[in-house]
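Engineer: I need the structure of the sequence given here:
(chains A and B)
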2 protein chains.
Amino acid sequence: MTAGVEALFAERARWLKASDVRELLKYTQDPSIISFAGGLPSQDAFPRDELRVIFEELLQEDRLPALQYGPTPGDPALRRELTSLMARRGIDASADRTVVTHGAQQALEFLGRVLLDPGDIVIATRPTYLGLFTALATYRPTYHDVPLDEDGILTDVLEDDLRALALDGIRPKFIYVVPTFHNPTGTSISARRRRRLADLAATYEVPVIEDDPYHDLRFEGDPVAPIASMNREGWIVYLGSFSKTLAPGFRIGWAHGPPALIQKMALAKQGADLFTNGFGQRVAERYLALGMLDRHLPRIRALYRRKRDVMLARMQETFPDRVTWTRPEGGMFLWVTIPSELDTRSILPAAAAQRVVYVPGHGFFAGTPEPNHMRLNYSLPSEPDIEKGIGILGALLDRAIRSSLPGPPLIGA
Amino acid sequence: MTAGVEALFAERARWLKASDVRELLKYTQDPSIISFAGGLPSQDAFPRDELRVIFEELLQEDRLPALQYGPTPGDPALRRELTSLMARRGIDASADRTVVTHGAQQALEFLGRVLLDPGDIVIATRPTYLGLFTALATYRPTYHDVPLDEDGILTDVLEDDLRALALDGIRPKFIYVVPTFHNPTGTSISARRRRRLADLAATYEVPVIEDDPYHDLRFEGDPVAPIASMNREGWIVYLGSFSKTLAPGFRIGWAHGPPALIQKMALAKQGADLFTNGFGQRVAERYLALGMLDRHLPRIRALYRRKRDVMLARMQETFPDRVTWTRPEGGMFLWVTIPSELDTRSILPAAAAQRVVYVPGHGFFAGTPEPNHMRLNYSLPSEPDIEKGIGILGALLDRAIRSSLPGPPLIGA
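Structural biologist: Next comes the predicted model:
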């Protein structure tokens, strides 16, 4: 019978494959494992008391709109609040250019649905958020990747590539970036490069998808305005999320962009699931309208800043010389680079045996993966677990590097 | 600029079109309109007090799983509760053959994604749920429709069609039915025809998609077991929903079926939106585990039964002779048929001018629409509004029928 139903699968079903990182999530369900692998917020960052107030308010609302069916593009009051939120970030936004989605992930999937025929070019950084690959998998784009450094995507390389593609008559469908506290590296795009990106988008008429879920999680350094604030011609699609600043469990994200594109995304939404859960939408609306987000953010930032500091200090103490890492000014991740002759996948089993897990960097590359990276998350584990887990990783890295070095033969071993 | 982004649209984007019924939803936001158009539950059917208890319980849970990211196929505890729920309906279910989705609508979209190449055959009743068309739009199936009567889909016709298709070497991808209190007609498939459907699915190796959101809304008559309970070989995909028995605002539905298919649907879920909102899932789990669904259902049934009775009685009083309608034993809809020379779309503007709306039947047909039907919803409007609105519709139908009849010329008009 199983064979029977498989014979009915569409051609595209073969592109539906499991993500390694989502598979690693099972470890995060086991409290005896120290997980640097997920992208989960700390439960200590959830605004429990604020939610109690909001829930009671929603249960008192006339006609209980939080529980009812709602309009496909999203709750009108929430879209007005999102407009204000984006305005505070410098974006000239409007409610009718906004569609509320089940997380920014769903907006990515809709962008694929509306924009991508098989073989179309998508430009992404090297490395990039790996949920992009699962979101777009059945639309089968061809990825073109552009390196990044501590100031984000290398816009000089990007411009050369856009020019070369244009000479070949190729117009990419979009450029995907995570501008602030990038997943997986923790780096941010500088203001100068953001302006450059906005200009390149307009010059080459290629939309930039600016996926900005970590925007509000800055612990230090000056805020940098979104790319969407630097372009008046509408070539930027801005994606936001409440998963990191309220809670992932409500699955509330949104997309803001050119009207024709947002309208098609809303039609995709209609077929996909009718509308984003109204309860989560009303919670997000209240959270913004009652000023709770602004009051709660300092608590999340202080919590994650301490965790990052503990992680960085412990890495400094225990990681061997030939290992380097990023020092993010916010967000939830940092990116470790080990000597290029080593492979972080080979070290993972030994780490898991000592009940510590991380994500090998391979999955974050659209093209040939570099084997010598790992992504570490510091938002979820407790400070003592970070101390302990990083110590274990340090010892394992030390052993891996020593055993890869040429040296005198071991005597008596 | 808008022209610019439109030039980037994929081929499939042209198939993303608005649904008439979703457009009509805007009327339901205006309390001065009597709407028989939506498919909305009454807000009086929402279990407000139970939700207050559940919310507090969720805020007390250790590690707050309702607010955190969760596994892609769904909350394990909810999937266990769904297994018990399906078992009570006679289905030999298991948690690992269940995927939780953002409403059953999302399960339909995933079935399209996994199963349909362009031109593949989908069999549906005539008429059928119109959300099927939006869910599958970009997958471009060819619909084959089979008539129904007061006992549901005509299985003799279906068998002839399956045989004829098989002779042509065509194996349809699936047969879609709403077995209980069908949307839009309110009819249910008899037990005999359900068994026949289960047999035909196994004989022709064509899955039956059994979309059963109204299962628990029976006011009278004997319950009929789902088709999924009548087939041990796994050719039935069973779709369930909490939108009608808890609240639509949580967007909790599920699919249960063959392991290979459910696994692919879960992979589609991973790319689409990572997981179904965990808050809604935990609410549904508590609602089941605490026995609240069973205690609350009699209240919903009594409420909708009264509304249906008011509607039927008022139709009997005011609808002209040549109009007929179904008498559902449960659910939220009934289906009105007017003389075949008339078109329910032509009457809608006059009804809307008197602040009454309904859905013309056209949108529910995969093939050539029959112009002379309307779907009426009785779950949302109040009893006085049903009285008043049906009276207005009755007068309009009377006038429309009179003016279509040949008769003596009007004198002095």
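
Engineer: if you go through the stretch 201-350 of chain A in chain order, where are the strands?
Structural biologist: Per DSSP state E, counting those that start in this stretch, the stretch 201-350 of chain A carries strands over the ranges A:208-211, A:236-241, A:252-256, A:324-325, A:333-337.

Engineer: do the longest one and chain B come into contact?
Structural biologist: So the one you mean is strand A:236-241. No. Strand A:236-241 stays clear of chain B (Cβ under 8 Å from any Cβ of the partner chain), getting no nearer than 9.1 Å. In short, each C-beta sits where N, CA and C put it, glycine included.

Engineer: just the mean pLDDT for that strand, thanks.
Structural biologist: Per-residue pLDDT over strand A:236-241 has a mean of 98.

Engineer: export that strand as CSV, just CAs?
Structural biologist: In CSV, the C-alpha atoms belonging to strand A:236-241 read as follows (Å, rounded to 0.1, in the frame of the first residue of the first chain):
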residue,chain,number,x,y,z
ILE,A,236,12.7,45.9,-0.8
VAL,A,237,10.5,43.3,0.7
TYR,A,238,10.8,43.6,4.5
LEU,A,239,10.1,40.5,6.6
GLY,A,240,9.5,40.7,10.4
SER,A,241,8.7,38.3,13.1
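
Engineer: ok, now which ones touch the spatially closest residue to residue A:365 that is not a sequence neighbour?
Structural biologist: Spatial nearest neighbour of residue A:365, chain neighbours left out: residue A:127 (5.4 Å); criterion: Cβ to Cβ, 6 or more residues apart in numbering or on different chains. Applying Cβ atoms under 8 Å, 6 or more residues apart in numbering or on different chains, we find residue A:127 in contact with A:184-185, A:335, A:361, A:364-365, A:370, A:373.

Engineer: go on, residue A:84?
Structural biologist: residue A:288.

Engineer: now residue A:173: how far from chain B?
Structural biologist: 6 Å (Cβ to the nearest Cβ, to the nearest Å).

Engineer: so how many other residues sit close to that residue?
Structural biologist: For residue A:173, the count of nearby residues is 25 (other Cβ atoms under 10 Å in any protein chain shown).

Engineer: that one is in contact with residue A:143, isn't it?
Structural biologist: No. With contact defined as Cβ atoms under 8 Å, residue A:173 and residue A:143 do not form a contacting pair (11.1 Å).

Engineer: list the residues that contact both of the two?
Structural biologist: Counting by Cβ under 8 Å, 6+ apart, the residues touching both residue A:173 and residue A:143 are A:121-122.

Engineer: okay, the nearest residue to residue A:322 once chain neighbours are set aside: pLDDT?
Structural biologist: The shortest distance from residue A:322 to any non-neighbouring residue, by Cβ to Cβ, 6+ apart, is to residue A:339 (4.9 Å). Model confidence at residue A:339, given as pLDDT, is 97.

Engineer: surely residue A:227 and residue A:194 touch.
Structural biologist: Yes. Residue A:227 is within contact range of residue A:194, at 4.7 Å (criterion: Cβ under 8 Å).

Engineer: common neighbours of the two, please.
Structural biologist: residue A:179.

Engineer: looking at the strands of the stretch 201-350 of chain A, which is nearest to residue B:134?
Structural biologist: Among the strands of the stretch 201-350 of chain A, strand A:252-256 comes nearest to residue B:134, with 19.2 Å by Cβ to Cβ.

Engineer: got the angle for that closest one vs strand A:236-241?
Structural biologist: Angle, strand A:252-256 to strand A:236-241, by axes from the mean of the first three to the mean of the last three Cα atoms, to 10 degrees: 170 degrees.

Engineer: quick one: strands adjacent to strand A:252-256?
Structural biologist: Note on strand A:252-256: by DSSP bridges, its sheet partners are strand A:98-102 (antiparallel), strand A:236-241 (antiparallel).

Engineer: which stretch among those comes nearest residue B:311?
Structural biologist: Residue B:311 lies closest to strand A:98-102 among these, at 34.0 Å (Cβ to Cβ).

Engineer: any idea how far the closest one is from the chain center?
Structural biologist: Put simply, strand A:98-102 sits 16 Å off its chain's centre (Cα atoms, centre = their mean, to the nearest Å).

Engineer: repeat for stretch A:157-169
Structural biologist: In terms of Cα atoms, centre = their mean, the centre of stretch A:157-169 is found 26 Å from the chain centre.

Engineer: likewise stretch A:268-279?
Structural biologist: Worked out by Cα atoms, centre = their mean, stretch A:268-279 lies 22 Å from the chain centre.

Engineer: need the mean per-residue confidence for it.
Structural biologist: Stretch A:268-279 comes out at a mean pLDDT of 97.

Engineer: quick one: end-to-end distance for it.
Structural biologist: 21 Å (Cα to Cα, to the nearest Å).

Engineer: save the contacts of residue A:127 as CSV, and put in neighbour count and secondary structure too.
Structural biologist: CSV is the format used below for the contacts of residue A:127 (neighbours: other Cβ atoms under 10 Å in any protein chain shown; DSSP: H, G, I helix; E, B strand; the rest coil):
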residue, neighbour count, secondary structure
A:184, 26, coil
A:185, 28, coil
A:335, 21, strand
A:361, 25, helix
A:364, 25, helix
A:365, 20, coil
A:370, 16, coil
A:373, 23, strand
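
Engineer: ok, back up a step: which among the strands paired with strand A:252-256 is found nearest to residue B:203?
Structural biologist: Smallest distance to residue B:203 across the strands paired with strand A:252-256 (Cβ to Cβ): 38.5 Å, for strand A:98-102.

Engineer: mind checking if the very next helix or strand once past the closest one is in reach of chain B?
Structural biologist: With elements assigned by DSSP states H and E, the helix or strand that comes after strand A:98-102 is helix A:103-115. Yes. On the criterion Cβ under 8 Å from any Cβ, helix A:103-115 is in touch with chain B at A:103, A:105-106, A:109, A:113-115.

Engineer: partner strands of the helix or strand following helix A:103-115 and their direction?
Structural biologist: Going down the chain from helix A:103-115, the next helix or strand is strand A:121-126, by DSSP H and E. Applying DSSP bridges to the sheet, strand A:121-126 is found paired with strand A:142-149 (parallel), strand A:174-177 (parallel).

Engineer: burial-wise, tell me which of the ones you listed comes out on top.
Structural biologist: Highest mean neighbour count of these: strand A:174-177, a mean of 26 (counted as mean count of other Cβ atoms under 10 Å in any protein chain shown).

Engineer: give me the distance between the nearest residue to residue A:172 once chain neighbours are set aside and chain B.
Structural biologist: Of all residues not flanking residue A:172 in the chain, residue A:121 sits nearest, at 4.0 Å (Cβ to Cβ, 6+ apart). Per Cβ to the nearest Cβ, residue A:121 is found 11 Å from chain B.

Engineer: and of the strands of the stretch 201-350 of chain A, who's closest to residue B:211?
Structural biologist: Judged by Cβ to Cβ, the one of the strands of the stretch 201-350 of chain A that comes nearest to residue B:211 is strand A:252-256, at 26.7 Å.
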